[in-house]
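Asker: sequence and computational prediction follow.
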Amino acid sequence: MSDALDPLSLDEDLDPALAAAVLEIESHHAQGGWDQPSRLYALVPTADLVLREPALAAAMGLDDASAEGSLTPIEQEQLPPDRFESSLAEIAWGPDVAGCAAVVERLVLPPDADDELPDDPSAAAAYAAEHPDRQEVRMVVGVTRAGATYCALRLRAHDDDQSVVGGPDLVPELVALLTATLEPVEEDEEL
């Protein structure tokens, strides 16, 4: 396994369970190819899943030994593709969810293209789609309630497992959006 795919070799401060879950999600999506809709996952402690849902855990090949210290990604219903990121603001996870992860494919442009980017969203999308230096990237971002973060990026131009780049803060905007979904919801005071 290359260092790019070995979450333990990247940074001793990383949460290995989160990094492993993010890389598992990335690998799963890579098998499905490109041009997929964005996806959202709940991350639950595998030990809790084995305890609460033994039949499901058995069907997934999970047992007490494999559950220790790991997270299981559970895919959620698809959010509206045209407003995936804005829909995240409406999500609040229950206490059984230890973290969450999202998969998003986007076009990225070089920094010098920012000066030419139109303000109108549809014009900006057209500009990005036609830019000669655009890159298509799949971003998988995961966060936990404990504050751990991990991101995995794959460029379409370098579509192989050894070229996946990982780290805790590669997509800070998506990290912030996902982190907000894990914040406690304030109850409205009764009048």
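Answerer: Done, it's in.
Asker: low-confidence ranges, the protein, go.
Answerer: 1-12, 63-68, 186-191 (pLDDT under 70).
Asker: try it again at 80.
Answerer: Per-residue confidence for the chain (pLDDT under 80) gives these ranges: 1-13, 54, 56-68, 110, 113-114, 121, 124-125, 128, 185-191.
Asker: where exactly do the helices run in it?
Answerer: 7-10, 16-31, 46-52, 54-59, 64-67, 84-87, 121-130, 172-181 (DSSP state H).
Asker: and those helices, which is most packed in?
Answerer: helix 16-31 (a mean of 20; mean count of other CB atoms under 10 Å). C-betas here are computed from N, CA, C, even on glycine.
Asker: tell me which residues are up against that one.
Answerer: By CB atoms under 8 Å, 6 or more residues apart in numbering, the surrounding residues in contact with helix 16-31 are 5, 7-8, 10, 36, 39, 41, 43, 69-73, 99, 101, 103, 138, 140-144, 148-152, 154, 159, 161, 164, 166.
Asker: from those, keep the buried residues only.
Answerer: In the contacts of helix 16-31, burial by neighbour count holds for 5, 7, 10, 39, 41, 43, 70-73, 99, 101, 103, 138, 140-144, 148-152, 154, 164, 166, counting by 16 or more other CB atoms under 10 Å.
Asker: state the number of residues packed around Ala92.
Answerer: If you count neighbours by other CB atoms under 10 Å, Ala92 ends up with 12.
Asker: picking up where we left off before, in strands only, show me the contacts of helix 16-31.
Answerer: Among the contacts of helix 16-31, the residues falling in strands (DSSP state E) are 39, 41, 43, 71-73, 99, 101, 103, 138, 140-144, 149-152, 154, 166.
Asker: figure out which of the helices of the chain is closest to Leu109.
Answerer: Among those, helix 121-130 comes nearest to Leu109, with 5.8 Å by CB to CB.
Asker: distance from the chain centre to that closest one, please.
Answerer: Centroid separation between helix 121-130 and its chain, computed with CA atoms, centre = their mean, to the nearest Å, is 24 Å.
Asker: again with stretch 110-124
Answerer: 25 Å.
Asker: show me what Glu136 bridges to in the sheet.
Answerer: On DSSP bridges, the residues paired with Glu136 through beta bridges are Leu107.
Asker: export the helices of the chain to CSV and tack on distance to Gly94?
Answerer: Listed next are the helices of the chain as CSV, based on distance: least, CB to CB, whole Å:
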stretch, distance to Gly94
helix 7-10, 26
helix 16-31, 18
helix 46-52, 12
helix 54-59, 17
helix 64-67, 20
helix 84-87, 18
helix 121-130, 33
helix 172-181, 11
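Asker: many thanks, have a good one.
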